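[1] Okay, structure incoming, though there's no sequence with it:
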């Protein structure tokens with residue numbers, strides 16, 4: 001069994017001072033949301049053993065803030081910053097999931113990236129699971145949205161479209177409604 005957590009970066013400023021999209025920072029709400037998601041992840045084991053993060057500033061900040069919220073309660077994961085996650089389409093994301101986990105072979109993997117690729121791959125991986133969660137992400141994977149999938153496979157190389165069971169979908173908005 002393998003568990004995949006797909007986290008879209010948190011809310012960002014509209015423009016970066018540099019004018020480069022990958023330099024955009026989290027805004028105040030994004031910082032609060034990233035901390036809230038980190039707290040939620042730490043309270044809902046199993047915790048990811050490996051974290052793959054886009055090199056964009058907003059994705060790295062999302063991880064850094066989430067980690068700050070959880071670090072006193074969980075073991076430190078292996079973290080890799082991957083430029084190929086920036087602007088990745090579903091095929092690139094799937095390939096990253098299949099290959100970036102070797103040789104560590106974690107049982108739980110967290111990937112932090114961007115839409116539209118993250119939303120599209122979440123929809124493509126879904127082969128069943130929680131209907132309410134599926135409905136919640138049908139139209140969008142919002143900023144700081146977290147989709148959790150289980151795959152009944154022996155290793156990450158066997159992860160494929162329509163083979164994931166959507167266990168849960170969490171977002172700051174849904175957490176505020178609880």
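    Alright, I've got the coordinates. Bear in mind that the values here come from a model prediction, so they are computed numbers and not experimental data.

[2] How about the secondary structure of residue 135?
    helix (DSSP: H, G, I helix; E, B strand; the rest coil).

[3] which residues in the protein form strands?
    According to DSSP state E, the chain carries its strands in the segments 2-8, 50-54, 78-82, 108-113, 126-129, 146-151, 164-170.

[4] what comes up buried for the fourth one?
    Meaning strand 108-113. 108, 109, 110, 111, 112, 113 (16 or more other Cβ atoms under 10 Å). Where C-beta positions appear, they are placed from N, C-alpha and C, glycine not excepted.

[5] Contact partners for residue 171?
    Residue 171 makes contacts with 136, 142, 144, 145, 146, as judged by Cβ atoms under 8 Å, 6 or more residues apart in numbering.

[6] show me what contacts residue 23?
    With the criterion set at Cβ under 8 Å, 6+ apart, residue 23 makes contact with 16, 17, 56, 57.

[7] Kindly apply the preceding question to residue 39 instead.
    Contact analysis of residue 39 by Cβ under 8 Å, 6+ apart lists 69, 70.
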